[in-house]
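**Student:** I need the structure of the sequence given here:
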Amino acid sequence: MACAHSSLKKSETYETEQEKRRLKRSKGKPWLFTSNDFHYDEATQTCRCPAGNDMWRSGVNVNSHNQQYTRFCCYLRDCKVCPLQQQCMRKLPIKTG
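**Tutor:** Numbering: from 1, shown residues only. Prediction:
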């Protein structure tokens with residue numbers, strides 16, 4: 001017998017309710033981008049941000065919240081004027097993007 005709960009998660013109503021909860025928690029602020037929003041090129045070990053700016057690897061095996069990450073940076077001049085900055089960075093860029 002199939003679980004009714006799993007079909008509910010895939011329904012449009014469920015997705016709509018999830019989005020309402022996310023917006024309520026964010027207090028109307030835009031959500032931050034996730035790693036899926038960035039284009040990673042494994043061959044060159046580089047990344048491109050959602051605004052299309054090139055990034056470079058600045059750290060490997062960076063530990064944060066009990067997980068390991070690879071950190072990428074962008075030019076400060078690109079981040080300071082980017083219209084997507086609020087969705088990308090928790091704090092205003094000062095030294096690097």
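**Student:** Give me the buried stretch members for the longest strand seen in the chain, please.
**Tutor:** Assignment by DSSP state E gives strand 54-64 as the longest strand of the chain. Using 16 or more other C-beta atoms under 10 Å as the test for burial, strand 54-64 gives M55. In this view, the C-beta of every residue, glycine as well, is placed from N, C-alpha and C.
**Student:** How about stretch 78-94?
**Tutor:** For stretch 78-94, by 16+ other C-beta under 10 Å, it's 78-79, 82, 84-85, 88, 93.
**Student:** Sketch out the low-pLDDT regions of the protein for me.
**Tutor:** In the prediction, the chain carries residues with pLDDT under 70 at positions 1-30, 95-97.
**Student:** Pull the residues that contact the next helix or strand after the longest strand of the chain.
**Tutor:** Counting by DSSP states H and E, the next helix or strand C-terminal to strand 54-64 is strand 67-74. The contact list for strand 67-74 (C-beta atoms under 8 Å, 6 or more residues apart in numbering) reads 38, 46-47, 49, 53-63, 96-97.
**Student:** Which parts of this structure are strands?
**Tutor:** 39-41, 46-48, 54-64, 67-74.
**Student:** The last one - which strands sit beside it in the sheet, and in what orientation?
**Tutor:** Here strand 67-74 is paired, per DSSP bridges, with strand 54-64 (antiparallel).
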